[in-house]
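Peer 1: quick one: sequence and predicted model below, then my questions.
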Amino acid sequence: MGIEIGAVKLTLDELGTRLQGEFGDDLVDLRVQEPDTLVARVDRHKLHAVAAKLKGLGEIAYDSCNFVAAVDYVTHLETVYHLYSYSTNTYIELHVEIDRDNAVCDTICDIYPAANWHEREAWDMMGVRFEGHPDLRRILLKDDWIGHPLRKDYVDLVENHPNV
Amino acid sequence: MARVMDHYPKLERFEHPNIVTTTADLVFNWARSRSIFPFTYGIACCAIEMLSSGFARFDIARFGWEVFRPTPRQCDLMIVAGTVNEKMAPVLKRLYDQMSEPKWVISMGACATSGGPFYDGYNVVNGVDKIVPVDVYIPGCPPRPEALFHGMLQLQKKIQKMSFVAPRIDEGDELALASLRGEGERAVAPAGQTDGRLPTNAAESQEVQ
């Protein structure tokens, strides 16, 4: 019963080679980040397929989504997915570059239900619209908030502060 | 001196101090100030100090203030212990409105008083006094239980000065009369527009339109 953590003994290099063999060009710039993480860039149109395949990898499956983050690089936005594999006790980080003015990204919360609220937070704070998300509402701020406050060019409006 | 009863016939207060009010004031203020039921309103780290003050080491029960209630209906003191953000503000206002009179508010710590270290935060209300009237401010980040007790003793002094006697009101002091009827400053029309009658809220809203 259950998964024994670290049951599959593979070094990060071996794991990386194996993943590169499975995914080919879908994982761009796959590299090792010690002690326990693989990092790769993924095209935004391929993200959903890659995530689904990572979860269904059998004995080295990345079966848990730990975090979905969004980063504002001013020139573009990036969503970052931290996936974890219990069987190999390693992480994989997927960096997905998205357009800043038309910030759209595919949801992965049909694959990893844990991503649901993380994607809502990314929408709330960064304004990344996750297509296919079942309930993309703001999660921390008020529903009628104007703007996405963690963007670098965010301007706070008086309308957001009715009590002042 | 205007007779308050003329303007407010159902006023349940004496107009002048007498032997009844002095004694009643004494008894009621004694009871009120020594058996405050605080509202469990811990919303950040100040709440840890508030809880700590309830436990045996500091023992808030020495002052008779230990009955923390989770419902506003049974409380007469709201200790705002933590950062109030924009999403919490309407909830706080509503809970304050649900408390029964007489009621008091203690703003505990830097955040509740002014926004504190989060003053520039996009989602932070810079002081709970923008939403509800505050009686006592306690500085600190967070204040120790002793500081909370000091603030509570200040509030006790304030409560002990309350009286049943209606405040004296001079002839034509419509601001005070409106305040007595619970209408506040906004109900008072600009000078020169009154025709002997006191303005009402309805009249005021029509003027605005």
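Peer 2: That came through, no problem. Numbering: from 1, shown residues only, chains lettered A, B, ... in the order given.
Peer 1: only C-alpha atoms for contact and neighbour calcs from this point on.
Peer 2: Fine.
Peer 1: confirm residue B:105 sits in a helix?
Peer 2: No - remark: residue B:105 does not belong to a helix; assigned using DSSP: H, G, I helix; E, B strand; the rest coil, it is strand.
Peer 1: my guess is it meets residue B:134, correct?
Peer 2: Yes - using CA atoms under 8 Å, residue B:105 is in contact with residue B:134, at 4.9 Å.
Peer 1: which stretches of chain A form strands?
Peer 2: For chain A, the strands defined by DSSP state E cover A:28-33, A:37-42, A:64-72, A:77-85, A:90-98, A:104-106, A:129-131.
Peer 1: what's the closest of the ones you listed to chain B?
Peer 2: Among these, strand A:64-72 comes nearest to chain B, with 17.5 Å by CA to the nearest CA.
Peer 1: strand partners (parallel or antiparallel) of that closest one?
Peer 2: Strand pairing for strand A:64-72, determined by DSSP bridges: strand A:77-85 (antiparallel).
Peer 1: OK, contacts around the closest residue to residue B:67 other than its chain neighbours?
Peer 2: Leaving aside its sequence neighbours, residue B:67 sits nearest to residue B:37 (CA to CA, 6 or more residues apart in numbering or on different chains; 5.2 Å). Residue B:37 makes contacts with B:65, B:66, B:67, B:68, B:69, B:74, B:75, B:76, B:77, as judged by CA atoms under 8 Å, 6 or more residues apart in numbering or on different chains.
Peer 1: filter those down to the buried ones.
Peer 2: B:65, B:66, B:67, B:68, B:69, B:74, B:75, B:76, B:77 (16 or more other CA atoms under 10 Å in any protein chain shown).
Peer 1: distance of the last one relative to residue B:43?
Peer 2: Relative to residue B:43, residue B:77 is positioned 15 Å away (CA to CA, to the nearest Å).
Peer 1: what about residue B:105 and residue B:134, which has more around it?
Peer 2: Neighbour totals were compared for residue B:105 and residue B:134, and residue B:105 leads with 22 against 18 (other CA atoms under 10 Å in any protein chain shown).
Peer 1: for the residue of chain B found nearest chain A, what are its contacts?
Peer 2: Taking CA to the nearest CA, chain A has its nearest neighbour within chain B at residue B:87, 5.4 Å off. Taking CA under 8 Å, 6+ apart, we find residue B:87 in contact with A:141, A:142, B:123.
Peer 1: ditto for residue A:27
Peer 2: Counted by CA under 8 Å, 6+ apart, residue A:27 has contacts A:20, A:40, A:41, A:42.
Peer 1: for residue A:107, which non-adjacent residue is spatially closest?
Peer 2: In space, and not counting its chain neighbours, residue A:107 is closest to residue A:130: 5.0 Å by CA to CA, 6+ apart.
Peer 1: now do the strands in chain B.
Peer 2: B:38-39, B:77-81, B:104-108, B:136-138.
Peer 1: so what are the sheet partners of the third one and their directions?
Peer 2: Take DSSP bridges as the rule and strand B:104-108 pairs in its sheet with strand B:77-81 (parallel), strand B:136-138 (parallel).
Peer 1: name the residues that touch that strand?
Peer 2: B:46, B:76-82, B:113, B:128, B:132-140, B:142-143, B:148, B:151.
Peer 1: same question for stretch A:100-117.
Peer 2: Here stretch A:100-117 makes contact (CA under 8 Å, 6+ apart) with A:44-45, A:47-48, A:51-52, A:55, A:64-68, A:74-77, A:98, A:119, A:127-133, A:139.
Peer 1: any low-confidence regions in chain A?
Peer 2: Along chain A, segments meeting pLDDT under 70 span A:1-3, A:164.
Peer 1: quick one on the thing from earlier: how near is the residue nearest to residue B:67 to residue A:83?
Peer 2: For residue B:37, the distance to residue A:83 - CA to CA - is 49 Å.
Peer 1: mind listing the residues bridging to the residue nearest to residue A:107?
Peer 2: Beta-bridge pairing for residue A:130 (DSSP bridges): residue A:105.
Peer 1: residues in contact with it?
Peer 2: Contact analysis of residue A:130 by CA under 8 Å, 6+ apart lists A:104, A:105, A:106, A:107, A:119, A:123, A:136.
Peer 1: which residues belonging to stretch A:68-80 are considered buried?
Peer 2: Buried residues in stretch A:68-80, counted by 16+ other CA under 10 Å: A:68, A:69, A:70, A:71, A:72, A:77, A:78, A:79, A:80.
Peer 1: closest one to residue A:150 out of these, please.
Peer 2: Proximity of these to residue A:150 (CA to CA) peaks at residue A:72, which lies at 8.1 Å.
Peer 1: that closest one against residue A:149, yeah?
Peer 2: No - with contact defined as CA under 8 Å, residue A:72 does not reach residue A:149; the gap is 11.3 Å.
Peer 1: how about the helices in the chain?
Peer 2: Just so you know, I chose chain A. A:12-23, A:47-55, A:115-126 (DSSP state H).
Peer 1: my bad, chain B
Peer 2: Under DSSP H, chain B gives helices at B:4-7, B:19-34, B:46-54, B:89-98, B:109-114, B:145-160, B:174-180, B:201-208.
Peer 1: rewinding a little: now do the shared contacts for residue A:72 and residue A:149.
Peer 2: Joint contacts of residue A:72 and residue A:149 (CA under 8 Å, 6+ apart) are residue A:126.
Peer 1: show me which residues of chain A sit near chain B.
Peer 2: Chain A comes close to chain B at residues A:141, A:142, A:149, A:156, A:161, A:163, A:164, as judged by CA under 8 Å from any CA of the partner chain.
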